[in-house]
Structures are given as C-alpha cells and as structure tokens.
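**Student:** have a look at this prediction, sequence included:
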Amino acid sequence: MITDQLSVLLRQAVDSAVKDGELTVGDEPIVITFDTPKNKDFGDFATNVAMLLQKRAGLAPREIANRIIKRLPVGQSLITRVEIAGPGFMNFYLNPVWLYDTMVSIEREDTAYGNGNSRSGERTLIEFVSANPTGPISVVNGRAAALGDCLANLLSAAGAVVEREFYINDALNSTQINLMGISLQLRYLQTLGHTLDMGDSSTDEEEESTPHACAKCGENHIFPKEGYRGEYLVEIAEQMAKEDNGALAALPATDQAAKFRQLASDRMILQQQSDLAAFGVKFDKWFYESSLYEKGEVSTAIELMKSKGYAYEKDGALWLKTTELSKDDQDRVLVRSNDKETYISADAAYHKNKFDRGFNRLINIWGADHHGYVQRLKAGVSSLGYDQDKCEIILTQMILLMRDGEPVRGSKRAGDIIPLVDLVNEIGRDAARYYCLLNSYETTATFDLELAKRQSSDNPVFYAQYAHARAASLLAQAISRGVEIKAAADIDLTLLTDERELGLLRKLSDFPSEVKLAGDFLAPHRLTGYIREVGQALHQFYEECPTLKEGVDPAVRDARIALFNVTRIVVRNLLALLGVSAPDKM
RNA sequence: GCGGUCGUAGCUCAGUGGAUAGAGCAUCUGUCUUCGGAACAGAGGGCCGGGGGUUCGAAUCCCUCCGACCGCACCA
C-alpha cells in the first residue's frame, strides 16, 4: 500500500531529525497514520504525527513538521510537495504515477486485489447464528448470518485462516428441546384426531379450567404454556402422520417422548440448513452440542474447573466462580441439583474444544439479548486456562422491517418470528444480504421493504450492482465494436489526467486499506459505504469522460477502457466480500 | 432497583481525539440530438439529547441528569 511507503519515508525523516539533535521523541514508539483528507485541497494524504509529538518534543507542531519535512525526499519520484496546514497537519501531494502503477497491480492481482497478509498466522473460528433447533431461521438470525459470513471473508482477505461454524443446541438436558419434542408430539396426536387443549398462552393465570378429556383416548392432552405454538410444527406433524400412518402413537410413552424430541430437532436442523443455504451462507462445520456429552468433554471440563479450584458446591448444585473470573455480577450454576449440567458447562467445554482444535482467535456472534451471558462464557473460558480476550463476542442488535410505514409483525405460522426465507423470497437474496450489512450491527436497523424491492437509484443495492454492470457493459460494448481491450501495462496511462479519472483511481487505490480496516474493526458496513463512493466516482468519470464515442483519441480511449476494467475488478471483489452477486447486465 | 447498549439533518444511518460534522432517502432546481438516465450537477436543512470536566483540540474520553431499547433462571 502506498501509505506504507509514505510511513517508511516519514519514519526515516523523524529518525534523521532525532539523530541530528533537532527533535527529541523519547522512548515510546511513534505511531504513524495517514488518512485521505476529505478536502481535495489538503493533498492526497495527511498525517498528524507532528501534533502527536508536540508534548514529547516540547515544540510547536508546525515547527516539528518543518524539521521533519526538511528530511523528506520531496520533489523526487513519489512526493511532489508537502505542506504544513492548520494546527500542524502535514499534507502530502503525490506524483500521479503511483495511481497508474496501482492500475497495473489491480489487473495483475485481479481477484486477489484487496487482499493482504496482516493477519497471516491467525487461525480464527467464527461461530454464528447457532439458533436453537426449535424453529425456522429468522431475519435477526439472517443479520448474524450475513455478518459472520462477511467477517469471515474479510479476515481471510487479511491473511487469516478462517472457519465458519454453527453450534447446534441439541442436548438432551435442554429444556427447550424437550418442550419442542412435546409440542411436536401433541401436534402429531392432534392430526390423528386426538383432542388437544391449547390452554391460553396470553394470560398469566394458572390453568384451572377443567381439562378437555380426549374423545379418542380419554387422556388429557394439554399443550405446555411455554410450548412452541408456531404452525410450522402442525405442518411437520401432518406430514409425519401421513408418512407413518400414526405408528409413532403406538409406542410406549417414554420411547415416544424421546423419539419426538429427536425427530423434532432433526427436522428443524434440516430446515435451518436449507434456510441458510437459500441465503447463500455455508458453514464449514455444524457442531452438535450433544457430541460434547457423548465424548465426555463436558465432564472433563467440569473436572478441570474443580481441580483448578474455580468450582464449588452450594445448595446441592455445583457453581462456577464467575464473579472472580470475569465481571459477572453473581456466580452461576454448572451442574443443577438434579445432576444435570447447565448450558454453561457445555459451552465452556465447547470453547475448550475450539481452542484445542488449534484456533487462536474465537469470534462469536450473538443477539444483543444475550449480552448478560458474555461474562459467564468468558469466566468459563478463563476457568479452563484459556485467555478470555482471545474469545470475542459480537452482539448484534435487532432488525426492524417496515412496510407502508408499519412495522412487520412475526407471523403466527412461524411462531411469532419473521422467517428469513420470507424476506429472501420477497426482496431477493442480494438485497436481503446487502441490507443486513448496510448498518453497523450495533444499531437496531430499520429498513423499508418497499424501498428494498424498488429497482432504482434510491436503492443502495442496485446502485452498487449497477456500477459493476455499467463497467462490464462498456467493456462488452468495446468488444462488439471491434475495439481491443489492452492490458494496463501496455498502455500510456499518463493520458488519464482528468480530475474525474484521477478521483476514481484514488478511490480504487483505497480498496486494500478499506478491506483491512473493515476487518480490523469487524465492521463490514464500512464496505457498503465505500462501494457507494466507488460507484459515484465511476459515474462521474463516465458522465464527463467519453470513451467509445466518436472522435476520442484511440490512445485516450484505451486508457479509459483500462480504467473501466480495473473498476470492474474492484467492484466485483467488493461485492464478493459482501456475498452479493456482481451482474454484467441488469 | 442493578447492569448493558444507544440518543447526530424531516426519515434511515456513517463518523479512527483532528481541519468547515458527512452520506443516502425525502423536498426543490438544473443536465438527455444518450459509450446503459438504474446516471450526473446544484440548493435548502444541525446548540451531534442537556449540563459539567479532561486538552492545543471532543460527536468521539470521564462524571452527571434526561429519554429509548435490552438483560437480570438450578431456560438456551
């Protein structure tokens, strides 16, 4: 990156000033950063090091800048001039040759342009979505899915080895799974003609009304108050009853419960897998919580906690000292007084498993409603002897869909959530993914379904894709007119001198650092902002600089065609990072 | 009550302690004998929730108040 070169030159200048006794900077390392000023008059790049050194040097920032600039290779190949501005900024004006070099690198690196190696050696596991197998994937899960997938792309682009994982909470200890099994079982009996008493989930009063005895078998089939009431279970039950002719109902009660529990979770996992596949998110591994129990990893983890003195008995249960290990406000139960482990035990064991597989960075994406659980997991990680800072938790806020100014409500069919597949079917996969990444995950995003479907400029997805289509289509147009598309390296690129051409090139040259920063800050939404800027710069160039029109000098034409080509490459790479398609035509 | 997150243009949101706080949408005004108008150019619109502090400099860091949302299980 060009700023790396500038940093080296600047550091040499500072060192030289120190050596000559013109600057004292102390022992602390000097952090040099360059950013691109918003105002073009402030040069190509600016740095604030002179102001940061003010205290250490005991000099006015402008004077410090002065002494540094004297030692910079100004007027030679790269830097044409450096100005001191405002309180002490150093504004660098560069020879545009570096932009032409960038064009050649973009073509040479092609799909790899934008990638770096700042994270080589990192092995990162991103765990995301991990929805309980009790219902379809919701739009909130979708936000996490798009985010996790994009983060994985970003960290890979920075050189890390990244795996995507979905954790399936399918443990037999799980109250939720048991409820799910019971709910399915009752729906199944209902389709066979048994009388089902749904109770009333909306009131808090305890059930005292007389149960309706089943006309068929005389028993009382009462639907649990906390049961899963979504109608998707009715559909599954009907299908099952049709397939097996009601054979399951003949099983003994305990076998029946276990069977339904298993079937319910198997069905839901398949459903979730297909929901996510439709969204274009693929996981490297679906990790079963139950496997931790089967392999004894949960009890191993608990024994380890005990041996390290972080677990203690109280009230017949086993507790973890989470308050001591992290910032939790009370200790948490590991093993209930009925001898069943809680999810904390399993989760601690799961994260030990992750570390033991060789990952040195763990990222978990959870819904914001789980924030109270962050400290518990960190305590669990610490208690097993791992660095809790290596386990980062990202909390995503809700997503609110609006239609005609009214919030979209969860459907009864889906159990009061909005299924992700419904969103994908309505606005398409690309738009759905793009909107999930449009805002920072820290804010509750609201977005308008009508806008997302609109195929016009006010829709950011189309603006982004249109940039690619326009560039691709110009290249296709050139070919159909018999104009050869030459490699940037074989063209006189110095003919690109218009402010629009240089502006676009500058934008494209930002791409590697934009990718790096989006990864460093775990902030994919930076890219959706950046892609709009690239699109805008392309359209400005397109409007003002004719390429295939009559009367354009062939040498200029070739240089501009090359500019379209490198823009196409950058936009395509950007869309790939976001997981959105890059159409040649729209 | 305790804890967490967040208050930025009419709306939806960006904003690494730095220069005059930005963008999209919406509103208004322009640009088409067009290489894709799904575009471009321009205008209006702000005590960055209030008040203190930290410093050369605060939307950004600290304290406090107000408001919104979320969490506070031997559920996950």
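**Tutor:** Thanks, I have it.
**Student:** pretty sure A:Tyr293 contacts A:Ala171?
**Tutor:** Yes - here A:Tyr293 lies in contact with A:Ala171, judged by CB atoms under 8 Å, at a distance of 6.3 Å. Yep, even glycine has a C-beta here, placed from its N, CA and C like the rest.
**Student:** who's more crowded, those two?
**Tutor:** Remark: of A:Tyr293 and A:Ala171, A:Ala171 carries more neighbours, 22 against 19, as counted by other CB atoms under 10 Å.
**Student:** skipping its backbone neighbours, what lies nearest that one in space?
**Tutor:** Spatially, and ignoring its direct neighbours in sequence, A:Ala171 is nearest to A:Glu289 (4.6 Å; CB to CB, 6 or more residues apart in numbering).
**Student:** which residues does that neighbour contact?
**Tutor:** Residues near A:Glu289 by CB atoms under 8 Å, 6 or more residues apart in numbering: A:167-171, A:174, A:346, A:350.
**Student:** compute the first-to-last residue distance for stretch A:164-181.
**Tutor:** 28 Å (CA to CA, to the nearest Å).
**Student:** whoops, I mixed them up, stretch A:371-387
**Tutor:** 19 Å.
**Student:** give the buried residues for that stretch.
**Tutor:** A:373-384, A:386 (16 or more other CB atoms under 10 Å).
**Student:** which ones are touching the spatially most central residue of chain A?
**Tutor:** Closest to where the C-alpha atoms of chain A average out (CA atoms, centre = their mean) is A:Leu147, at 2.2 Å. Contact partners of A:Leu147, counting by CB under 8 Å, 6+ apart, are A:128, A:365, A:394, A:396, A:436-437, A:441, A:524.
**Student:** so where's the stretch 151-300 of chain A shaky on pLDDT?
**Tutor:** A:200-211 (pLDDT under 70).
**Student:** near RNA strand B, which residues of it are found?
**Tutor:** With the criterion set to CB under 7 Å from any atom of the strand, the stretch 151-300 of chain A comes near RNA strand B through A:169, A:171, A:173-176, A:289.
**Student:** between which two of these is the distance greatest?
**Tutor:** Maximum pairwise distance among these (CB to CB): 13.4 Å, between A:Thr175 and A:Glu289.
**Student:** give the next helix or strand downstream of the helix or strand where A:Ile344 lies.
**Tutor:** Using DSSP states H and E, A:Ile344 maps to helix A:343-356. Counting by DSSP H and E, the element after helix A:343-356 in chain order, helix or strand, is strand A:361-367.
**Student:** turn the residues of the stretch 151-300 of chain A next to RNA strand B into a markdown table, columns for secondary structure.
**Tutor:** What follows is these, written out as a markdown table (DSSP: H, G, I helix; E, B strand; the rest coil):
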| residue | secondary structure |
| --- | --- |
| A:Asn169 | coil |
| A:Ala171 | coil |
| A:Asn173 | coil |
| A:Ser174 | coil |
| A:Thr175 | helix |
| A:Gln176 | helix |
| A:Glu289 | helix |
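**Student:** which of those residues count as buried?
**Tutor:** The neighbour-count test (16+ other CB under 10 Å) marks A:169, A:171, A:173-174, A:176, A:289 as buried among those.
**Student:** quick check: of those residues, which lies closest to A:Glu406?
**Tutor:** Of all those, A:Glu406 sits closest to A:Gln176, with 31.0 Å by CB to CB.
**Student:** now for the closest one: which residues touch it?
**Tutor:** A:132, A:134, A:169.
**Student:** list the buried ones in stretch A:109-122?
**Tutor:** Residues of stretch A:109-122 classed as buried: A:113-114, A:116, A:119 (neighbour count, 16+ other CB under 10 Å).
**Student:** distance to RNA strand B and pLDDT for these - can I get that in JSON lines?
**Tutor:** Converted to JSON lines, the buried residues of stretch A:109-122 look like this (distance: CB to the nearest atom of the strand, whole Å; pLDDT from 0 to 100):
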{"residue": "A:Tyr113", "distance to RNA strand B": "19", "pLDDT": "97"}
{"residue": "A:Gly114", "distance to RNA strand B": "16", "pLDDT": "96"}
{"residue": "A:Gly116", "distance to RNA strand B": "15", "pLDDT": "95"}
{"residue": "A:Arg119", "distance to RNA strand B": "17", "pLDDT": "96"}
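**Student:** that's a strand at A:Leu125, yeah?
**Tutor:** Yes - under three-state DSSP, A:Leu125 falls within a strand.
**Student:** leaving out sequence neighbours, find the closest residue to it.
**Tutor:** A:Leu125's closest residue in space is A:Phe359 (CB to CB, 6+ apart), at 4.3 Å.
**Student:** over to A:Thr547?
**Tutor:** Spatial nearest neighbour of A:Thr547, chain neighbours left out: A:Arg560 (4.2 Å); criterion: CB to CB, 6+ apart.
**Student:** name the SS class of the one you found, please.
**Tutor:** At A:Arg560, secondary structure determined by three-state DSSP is helix.
**Student:** wait, what's in contact with it?
**Tutor:** A:496, A:501, A:545, A:547, A:552.
**Student:** mind redoing it with 10 Å?
**Tutor:** The neighbours of A:Arg560, taking CB atoms under 10 Å, 6 or more residues apart in numbering as the test, are A:474, A:478, A:491, A:495-496, A:498, A:501, A:541-542, A:545-548, A:552.
**Student:** domain-wise, how is chain A divided?
**Tutor:** Annotated domains of chain A cover A:2-95, A:175-278, A:460-578 [automatic domain parsing].
**Student:** which of these is buried the deepest?
**Tutor:** Among the domains of chain A, ranked by average contacts under mean count of other CB atoms under 10 Å, first place goes to domain A:460-578 (a mean of 19).
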